[in-house]
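Chemist: missing the sequence, but the structure's below:
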């Protein structure tokens with residue numbers, strides 16, 4: 001199995017940027033797809049972005065397309081979420097998730113992932 005630890009959250013003004021990191025450990029020598037999700041108070045967890053095992057295929061929710069970028073450095077077992085032009089509605093706890101998968105399909109639903117980090121808070125002030 002793989003263990004995930006997020007970092008990089010914080011408080012930022014609207015229009016600012018943050019970069020989240022998700023460090024994986026454990027059984028990282030098998031290919032795994034990664035996803036970022038977020039959950040605001042009183043709302044369901046929603047898909048933000050996903051990457052296939054190589055980083056060659058990436059996918060985004062419409063709400064973040066053009067502002068967020070998912071990338072990964074497999075040599076460091078780390079996945080990133082660069083968030084630019086942040087808006088107050090981006091405020092949420094952000095989670096990274098992993099599932100062992102070597103194809104190019106992406107997984108937009110939380111139920112598809114087996115492993116989750118503890119989450120990191122992102123707060124965007126207006």
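Modeler: Looks like it came in fine. Predicted model only: the values in this text are computed from it and were never measured.

Chemist: Return the distance of the residue nearest the centre of the chain relative to residue 23.
Modeler: Central residue of the chain (Cα atoms, centre = their mean): residue 36, 2.3 Å from the mean position. With distances defined as Cβ to Cβ, to the nearest Å, the gap from residue 36 to residue 23 amounts to 14 Å. All C-beta atoms are positioned from the backbone trio N, CA, C, and that covers glycine.

Chemist: OK, contacts around residue 74?
Modeler: 53, 54, 55 (Cβ atoms under 8 Å, 6 or more residues apart in numbering).

Chemist: Just among those residues, which is most surrounded?
Modeler: Comparing those on neighbour count, residue 53 comes out first with 20 neighbours (neighbours: other Cβ atoms under 10 Å).

Chemist: doesn't residue 99 make contact with that residue?
Modeler: No: no contact is recorded between residue 53 and residue 99 when judged using Cβ atoms under 8 Å, the distance being 9.8 Å.

Chemist: Between these two, which contacts overlap?
Modeler: Contact criterion Cβ under 8 Å, 6+ apart; residues bridging residue 53 and residue 99 by contacting each: 32, 33.

Chemist: roughly how far apart are the closest residue to residue 71 other than its chain neighbours and residue 94?
Modeler: The shortest distance from residue 71 to any non-neighbouring residue, by Cβ to Cβ, 6 or more residues apart in numbering, is to residue 80 (5.0 Å). According to Cβ to Cβ, residue 80 stands 12 Å off from residue 94.
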